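A.B. asks: Sequence plus predicted model, see below.
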Amino acid sequence: MKIFDIIRMAFRNLFRSKVRTILTVLGIIIGTTAIIIMLSLGIAMNVSYREQMSRMGSLNVINVYPNYDNIQTGRRGRNDVWVEPTISQEELDKIKQIPNVEAVTPFYQTSVKMEIGKYLGYVTIVGIEPDAMASLEYKAAEGRLLNPDDKMQIVFGSNMKDQFYNPKEMRRGRMYFGWGGSGEEKDINFLEDRINMTFDMSYGDRYPGSQTGKKPKLYRVEGVGILEEGNWETAYQAYMNIHELVKLDQEYKQQQANPDQKNRKRKTEEVGFQQAKVKVNEIKNVLEVQEQIRAIGLNAWSMAESLEAANKTQGVMQGVLGGIGAISLLVAAIGIANTMIMAIYERTKEIGIMKVIGARIKDIRRLFLYEASMIGFIGGVLGIAFSFGISYLLNTVGVRFLGGMGMGMPDAKLSIIPVWLALMGMVFSALIGLISGFFPARKATKLSALSAIHTE
């Protein structure tokens, strides 16, 4: 028999008992829908967690800190005074030699006071290697990032306006951050306005006891860029060339310690750093590089490490959810096997006639296998269609319902069905049908032709 004749006969046989076939297909639909929806819930949780992690920083970046593990017996300076652990330039040079490392930059963080027009602001300013900003995936929404030859140029975080206030709108003993005291809109343009910066945190204050009696040194700085929104880590910080920032900060500290002596310049290499960031070429290499950094004697942490731990937990959850759906599909597979066995008993005489007129054993086997796999395939296709419908309802009605309960999920998705999952569901359901029909088909081929013909 030709293959198309077998397929046509299999289709015709399926509709001999419409109710039984429909109920069997319905079982496959329920099983396929259950397993796809269960897996889609786990996939949505993974995607949501990854997006939250990416907002906190790049997954390819390792944060490096000094080793505080031996803080009780740590380094001692002069007069047996504790010296704060820092990251040295020598350690940074060792990190640069590690394979798969694309960029390394130390971070030098301090606080300054800025004046923009009538506004004052307490600003956390971070020194960074200018040519490392692009590698660390900093992106400018306005203006540009730092250039290697920049000195007094500054890039501001997306929410830096919240750090400024109008001294005239201050109430006694209280300051307003994030809004003007009277609710005024802050007229601040970081890229065009004149900006003064000082390390004296009392500058511009008018409440009693705020003035030191010394005229603070003001530096004229230039805003050249504003970072994109969405990264919580950079939203409330400003960035400057690390070499220039270290020089200015050390000069100020030296002047405070020895006000009657001229400032002594200190090289950047002689200053320890509170933090460093390391960019790795691929996410899969992050954990390996992280371990090598720890071997140097530094503490290292990355989003990829947290993501891996979360993936293990969510992998177990996905396995449980998928197992629940698989039980439904297993029940449906038993239904297919039952349907095919019943078909054999009802068509015993027909099988005998096929053997007598010369039908080959493999053709009879194919006939029943095709029927079983068609039931699985049709149920799988319809199950996928139902899955997309349920997924749509979860992502619209379900999200609104959870949002109404105060769970705050404006852009989140409860269910995500990637193409590979839909295709896998369709192939898996057809395969379940094929496996379920194997033993009934084998039973059909072993029937005796003569006894089958005489069966009523």
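C.D. replies: Perfect, I can see it now.

A.B. asks: okay, CA-based contacts and neighbour counts for the rest of this
C.D. replies: Fine.

A.B. asks: So which residues of this protein form helices?
C.D. replies: 3-14, 18-55, 89-96, 242-257, 286-296, 303-346, 348-356, 361-393, 399-404, 419-436, 438-445, 449-453 (DSSP state H).

A.B. asks: To residue 162, which of the ones you listed lies closest?
C.D. replies: helix 18-55 (19.3 Å; CA to CA).

A.B. asks: Who are the contact partners of residue 241?
C.D. replies: 127, 128, 129, 130, 146, 148, 150, 151, 152, 153, 154 (CA atoms under 8 Å, 6 or more residues apart in numbering).

A.B. asks: ok, it to residue 158 distance?
C.D. replies: 19 Å (CA to CA, to the nearest Å).

A.B. asks: ditto for residue 121
C.D. replies: From residue 121 to residue 158 the distance is 15 Å (CA to CA).

A.B. asks: Tell me which strands the longest strand along the chain pairs with, and in which orientation.
C.D. replies: Looking across the chain with DSSP state E, the single longest strand is strand 101-116. For strand 101-116, the paired strands and their directions (DSSP bridges) read strand 119-128 (antiparallel), strand 195-198 (antiparallel), strand 275-280 (antiparallel).

A.B. asks: between the last one and helix 286-296, how many degrees?
C.D. replies: In other words, strand 275-280. The directions of strand 275-280 and helix 286-296 differ by 140 degrees, with axes from the mean of the first three to the mean of the last three CA atoms, to 10 degrees as the criterion.

A.B. asks: Could you pull out the buried residues of strand 275-280?
C.D. replies: Across strand 275-280, burial judged by 16 or more other CA atoms under 10 Å covers 275, 276, 277, 278, 279, 280.

A.B. asks: between those residues, which is closest to residue 384?
C.D. replies: For the buried residues of strand 275-280, the nearest to residue 384 is residue 280 (39.2 Å; CA to CA).

A.B. asks: I'd say that closest one and residue 103 touch.
C.D. replies: Yes. Counting by CA atoms under 8 Å, residue 280 touches residue 103, with 7.3 Å between them.

A.B. asks: For residue 431, which non-adjacent residue is closest in space?
C.D. replies: residue 373 (6.7 Å; CA to CA, 6 or more residues apart in numbering).

A.B. asks: Residue 324 too?
C.D. replies: Nearest to residue 324 is residue 35, by CA to CA, 6+ apart, at 7.2 Å.

A.B. asks: Next one: the one you found from residue 431, what distance?
C.D. replies: 15 Å.

A.B. asks: same question, residue 157
C.D. replies: 54 Å.

A.B. asks: the more surrounded of those two?
C.D. replies: residue 157 (23 against 19; other CA atoms under 10 Å).

A.B. asks: Pull out the buried positions in stretch 36-51.
C.D. replies: 36-46, 48, 50.

A.B. asks: Show me the shaky parts of the stretch 51-200 of the chain.
C.D. replies: 52-58, 69-83, 170-184 (pLDDT under 70).

A.B. asks: which among the contacts of residue 241 end up buried?
C.D. replies: 127, 128, 129, 130, 146, 151, 152, 153, 154.

A.B. asks: Can you list the buried residues in stretch 102-110?
C.D. replies: Those would be 102, 103, 104, 105, 106, 107, 108, 109, for stretch 102-110 by 16+ other CA under 10 Å.

A.B. asks: who touches that stretch?
C.D. replies: Outside stretch 102-110, the residues that reach it (CA under 8 Å, 6+ apart) are 92, 95-96, 124-129, 132, 135-136, 242, 245-246, 249, 273-281.

A.B. asks: How far does that stretch sit from its chain's centre?
C.D. replies: Remark: stretch 102-110 is offset 24 Å from the chain centroid, using CA atoms, centre = their mean, to the nearest Å.

A.B. asks: Just the CA atoms of it, as PDB, please.
C.D. replies: Extracted C-alpha coordinates of stretch 102-110, given in PDB (Å, rounded to 0.1, in the frame of the first residue of the first chain):
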ATOM      1  CA  GLU A 102      37.500  43.100  28.600                       C
ATOM      2  CA  ALA A 103      37.800  46.200  30.900                       C
ATOM      3  CA  VAL A 104      38.800  47.000  34.500                       C
ATOM      4  CA  THR A 105      38.200  50.300  36.200                       C
ATOM      5  CA  PRO A 106      38.600  51.400  39.800                       C
ATOM      6  CA  PHE A 107      35.900  53.500  41.500                       C
ATOM      7  CA  TYR A 108      36.700  56.400  43.800                       C
ATOM      8  CA  GLN A 109      33.600  57.700  45.500                       C
ATOM      9  CA  THR A 110      33.200  60.900  47.600                       C
END
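
A.B. asks: All the strands of the stretch 101-250 of the chain, residue numbers only.
C.D. replies: Secondary structure of the stretch 101-250 of the chain (DSSP state E, counting those that start in this stretch): strands at 101-116, 119-128, 140-143, 153-156, 164-165, 195-198, 219-227, 238-241.

A.B. asks: and those strands, which is most packed in?
C.D. replies: The highest mean neighbour count among these, using mean count of other CA atoms under 10 Å, belongs to strand 238-241: a mean of 26.

A.B. asks: Strand partners (parallel or antiparallel) of that strand?
C.D. replies: Sheet pairing for strand 238-241, assigned by DSSP bridges, gives strand 119-128 (parallel), strand 153-156 (antiparallel).

A.B. asks: Tabulate those in CSV, adding columns for distance to residue 422.
C.D. replies: Converted to CSV, these look like this (distance: least, CA to CA, whole Å):
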stretch, distance to residue 422
strand 119-128, 46
strand 153-156, 45
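
A.B. asks: To residue 305, which of these lies closest?
C.D. replies: strand 119-128 (23.9 Å).

A.B. asks: the inter-axis angle of the longest strand of the chain versus helix 242-257?
C.D. replies: 50 degrees.

A.B. asks: so how many other residues sit close to residue 67?
C.D. replies: Residue 67, neighbours per other CA under 10 Å, totals 16.

A.B. asks: Skip the chain neighbours and tell me the closest residue to it.
C.D. replies: Closest to residue 67 by CA to CA, 6+ apart is residue 298, at 4.9 Å.
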